[in-house]
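1. Quick one: sequence and predicted model below, then my questions.
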Amino acid sequence: MLEVKPCLLDILKKRDIKQTELSSMAGIPQAAISRFDNQKQHTDLHLFSIAKALNLNVEDLFTVKEVQLNDEEKTPE
């Protein structure tokens with residue numbers, strides 16, 4: 001199974017950019033950036049706006065890793 005998590009906070013820290021600055025750069029509310037960072041919600045339009053403002057691809061805003069399920073979590077085939 002794949003686990004997908006936002007990594008925007010790490011990107012902003014590395015670039016020394018605050019959420020309020022990104023909000024201005026991307027033209028979206030700071031609250032939308034906070035919700036994305038906290039894995040609460042995001043819209044496709046916001047993702048594209050954030051990626052464009054940071055000169056990244058949308059997939060760069062996420063980390064993806066393979067995780068193993070234990071027997072209880074596996075669904076029967």
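-> Received it, and whenever you're ready, just let me know what you need. Numbering: from 1, shown residues only.
2. So which residues of the chain form strands?
-> For the chain, the strands defined by DSSP state E cover 2-6, 62-66.
3. Least reliable of those by average pLDDT, please.
-> Lowest mean pLDDT of the strands of the chain: strand 2-6, a mean of 87.
4. what's the longest helix in this protein?
-> Longest helix of the chain, by residue count under DSSP state H: helix 44-53.
5. now the angle between strand 62-66 and it, please.
-> Per axes from the mean of the first three to the mean of the last three C-alpha atoms, to 10 degrees, the angle that helix 44-53 makes with strand 62-66 is 110 degrees.
6. Give me the residues contacting helix 44-53.
-> Helix 44-53 is contacted from outside by 8, 22, 25-28, 32-33, 36, 57-58, 60-61, using C-beta atoms under 8 Å, 6 or more residues apart in numbering. C-beta coordinates here come from the backbone N, C-alpha and C atoms, glycine included.
7. quick one on the thing from earlier: Throw the strands of the chain into TSV and include mean neighbour count and distance to residue 16, thanks.
-> Putting the strands of the chain into TSV (neighbours: other C-beta atoms under 10 Å; distance: least, C-beta to C-beta, whole Å) gives the following:
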stretch	mean neighbour count	distance to residue 16
strand 2-6	10	19
strand 62-66	10	20
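8. Thanks again, I'm all set now.
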